[in-house]
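S.K.: Below are the sequence and a predicted model; questions follow.
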Amino acid sequence: MLLVKSITLRKLNATTCKCLAVAICCTGFNLLASAQDNSPYSRYALGDEISSSSATNRGMGGVSAAYNSPSTVNYSNPASYSFFQSITEVGTKKQIQGRVVLDIGLEGQGRTMTDNLKQARFTSTNILFNRVSVGVPLRRNWGLAFGLRPLNRISYDIEQKENLNSEGSGQRIDSATTNHQGYGGLYLASIGTGVKFKVGKDQYISLGVNGGYMFGSQNYTTTRSLYNDSTYYATGTWDTRTGLGRVYADAGIQYMGKIGKKLYLGLGAYGNWKQTINTSSDINTSSVNYSSTAPDTSYSQKSVKGSIVYPTNTTVGFVLQKPQSATESGWLFGADFTSSKWQQFRVNGVPDSAVANNWKLKVGAEFSPIGKKNYFSHASYRIGFYTGPDYITYNGNQLPTYGVSAGIGLPLANYNQMAQGQFSMINLAFEYFKRGNSKNPLQENVYRVTVGFSLTDLWFGKRRSM
């Protein structure tokens, strides 16, 4: 938050770094080979929400409202951009060097769905793009960040077999197999800035804003087949493909102040207001005869204009921190509270009865020991927890959710003597998330690993002549 570790670990054995890189790459390739994510709950609203937090914050349960760091881009609160490291000329406010940050993230996850009605389990795995971002200190108290990140994801494939009965007699008519499929998601390409003001001795307030373009797609297909012992029917398909796009904005504020000899307090808030996303849909209804594979389209409409209302989200939080020094360990403790107004959600003016307003409480901590000769004394260790009702409801009741997380920040050696200002870290976050319980038809358990590569270097400095 206030200080970045100055250690560059030039004596670190290169074999350690190579083995770590190989292990991460192998994990990624294994997940790619078996990627087949299936989340039935992603069929509601905009799909499964994807946290904007970096691997650093995810290791602390997602705490980010009051968090800032010179080595991480905190997308959640743009006010944090003003705290990127800037080195000024002695006796002046002129910036002579600034630490530029390249933050890249990947996310691998394994999902287990438990069907409480049929006492069955289904598993799936996937690897996802998490973020790419660049943070630049423009001036001593002014920073900028830009990049691309996912916001929501739709990915499900559900098959339902049932008997169709007569409404009058109740006797069985036919058997039916219905398949529901959906895929797509929402992304945000954004650029933001944050400006910091000194309001007292060791007291600062920062204001920030993000702006960008929100875009993506929602693709839903339902197929129904009817069959019995003597009659063959055509298969019906209902297909809707929707493109989404809209300019988007959010904002944030942070306060940071010294409250003790070695103790700092940070307060923060961020959020977005209700915004309308424009949509364009292609709708098709068709049937396929059992004796032919050629579809017979009975209804088709192209470029149907519509809209989706993206709800208001607000988060407030704090961090309490004792910075690490060369002779003392450091620690950080924080908490966030998020409120989301999902009852504002609309599709073409129609509310979704399956969603409701929800909240989430996030608590996290980080510990940085005194740097010694062994490598892991230079690492940062994180832990976190979050809970709250989900925005999805079942029989009028919101699904319970909770998650736990742990993380580690691993500094990498700098062997480049020509660029001694370089400082890089691999941040790993491990999460377990649970949605639903035995009272719901489906319970969802997700194991998630986030890998973040934080690469930084001092730029803007003038080369000295020999």
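M.R.: Received the coordinates, thanks. Residues are numbered from 1 along each chain as shown.

S.K.: what pairs with the longest strand along the chain, and is each one parallel or antiparallel?
M.R.: Ranked by residue count and defined by DSSP state E, the top strand of the chain is strand 172-200. Using DSSP bridges, strand 172-200 pairs in its sheet with strand 142-165 (antiparallel), strand 203-227 (antiparallel).

S.K.: Low-confidence ranges, the stretch 51-200 of the chain, go.
M.R.: Low-confidence regions of the stretch 51-200 of the chain, defined by pLDDT under 70, span residues 166-167, 170, 173.

S.K.: In CSV, list the strands paired with strand 172-200 along with distance to residue 340 and mean neighbour count.
M.R.: In this view, the C-beta of every residue, glycine as well, is placed from N, C-alpha and C. Putting the strands paired with strand 172-200 into CSV (distance: least, Cβ to Cβ, whole Å; neighbours: other Cβ atoms under 10 Å) gives the following:
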stretch, distance to residue 340, mean neighbour count
strand 142-165, 12, 17
strand 203-227, 16, 18
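
S.K.: can you list those strands in TSV and add distance to residue 394?
M.R.: As requested, the strands paired with strand 172-200 are exported to TSV (distance: least, Cβ to Cβ, whole Å):
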stretch	distance to residue 394
strand 142-165	15
strand 203-227	20
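
S.K.: ok so, going back, mind listing what's buried in the longest strand of the chain?
M.R.: For strand 172-200, a neighbour-count test (16 or more other Cβ atoms under 10 Å) marks 176, 179-188, 190, 192-196 as buried.

S.K.: Then stretch 76-89?
M.R.: Residues 76, 77, 78, 79, 80, 81, 82, 83, 84, 85, 86, 87 are the ones in stretch 76-89 that count as buried (16+ other Cβ under 10 Å).

S.K.: who's in contact with residue 425?
M.R.: By Cβ atoms under 8 Å, 6 or more residues apart in numbering, the residues touching residue 425 are 71, 409, 410, 411, 412, 453, 454.

S.K.: one more time with 7 Å
M.R.: If a contact means Cβ atoms under 7 Å, 6 or more residues apart in numbering, then residue 425 has 71, 409, 410, 411, 412, 454 as its contacts.

S.K.: sec struct for residue 60, please.
M.R.: Secondary structure, DSSP: H, G, I helix; E, B strand; the rest coil: residue 60 is coil.

S.K.: hang on, the earlier thing: in strands, which of the buried residues of stretch 76-89 fall?
M.R.: Filtering those for membership in strands, criterion DSSP E, returns 86, 87.

S.K.: Residue 441: which of the buried residues of stretch 76-89 is nearest?
M.R.: If you rank the buried residues of stretch 76-89 by distance to residue 441 using Cβ to Cβ, residue 76 comes first, at 32.8 Å.

S.K.: ok, the closest one to residue 84 distance?
M.R.: Between residue 76 and residue 84 the computed distance is 15 Å (Cβ to Cβ, to the nearest Å).

S.K.: Present the buried residues of stretch 76-89 as JSON lines; the columns should include distance to residue 310.
M.R.: Rendered in JSON lines, the data for these read as follows (distance: Cβ to Cβ, whole Å):
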{"residue": "76", "distance to residue 310": "16"}
{"residue": "77", "distance to residue 310": "18"}
{"residue": "78", "distance to residue 310": "18"}
{"residue": "79", "distance to residue 310": "21"}
{"residue": "80", "distance to residue 310": "23"}
{"residue": "81", "distance to residue 310": "23"}
{"residue": "82", "distance to residue 310": "27"}
{"residue": "83", "distance to residue 310": "28"}
{"residue": "84", "distance to residue 310": "29"}
{"residue": "85", "distance to residue 310": "34"}
{"residue": "86", "distance to residue 310": "34"}
{"residue": "87", "distance to residue 310": "40"}
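
S.K.: so which of the buried residues of stretch 76-89 comes closest to residue 122?
M.R.: Distances from residue 122 to the buried residues of stretch 76-89, taken as Cβ to Cβ, are shortest for residue 76 (32.1 Å).

S.K.: quick one: contacts for that closest one?
M.R.: If a contact means Cβ under 7 Å, 6+ apart, then residue 76 has 52, 53, 64, 270 as its contacts.

S.K.: any idea which of these has the most stuff around it?
M.R.: Sorting those by how many neighbours each has (other Cβ atoms under 10 Å) puts residue 64 first, at 32 neighbours.

S.K.: thought it was touching residue 73?
M.R.: No: under the criterion of Cβ atoms under 7 Å, residue 64 is not in contact with residue 73, lying 11.0 Å apart.

S.K.: intersection of neighbour lists for those two?
M.R.: Counting by Cβ under 7 Å, 6+ apart, residue 64 and residue 73 have no common neighbour.

S.K.: Now for the contacts of residue 76: which two are most distant?
M.R.: Between any two of those, the greatest separation by Cβ to Cβ is 11.7 Å, found for 53 and 270.

S.K.: just for the stretch 301-450 of the chain, where's the confidence low?
M.R.: Regions of the stretch 301-450 of the chain meeting the criterion pLDDT under 70 cover residues 415-420.

S.K.: coming back round to it: would you mind putting the contacts of residue 76 into a markdown table with distance to residue 326 and secondary structure alongside?
M.R.: Compiled in a markdown table, the contacts of residue 76 are given as follows (distance: Cβ to Cβ, whole Å; DSSP: H, G, I helix; E, B strand; the rest coil):
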| residue | distance to residue 326 | secondary structure |
| --- | --- | --- |
| 52 | 33 | coil |
| 53 | 29 | coil |
| 64 | 28 | coil |
| 270 | 33 | strand |
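
S.K.: how about CSV for these, with distance to residue 127 added?
M.R.: Converted to CSV, these look like this (distance: Cβ to Cβ, whole Å):
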residue, distance to residue 127
52, 19
53, 18
64, 23
270, 28
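
S.K.: of those residues, closest to residue 302?
M.R.: Here the nearest of the contacts of residue 76 to residue 302, counting by Cβ to Cβ, is residue 52; it sits at 33.9 Å.
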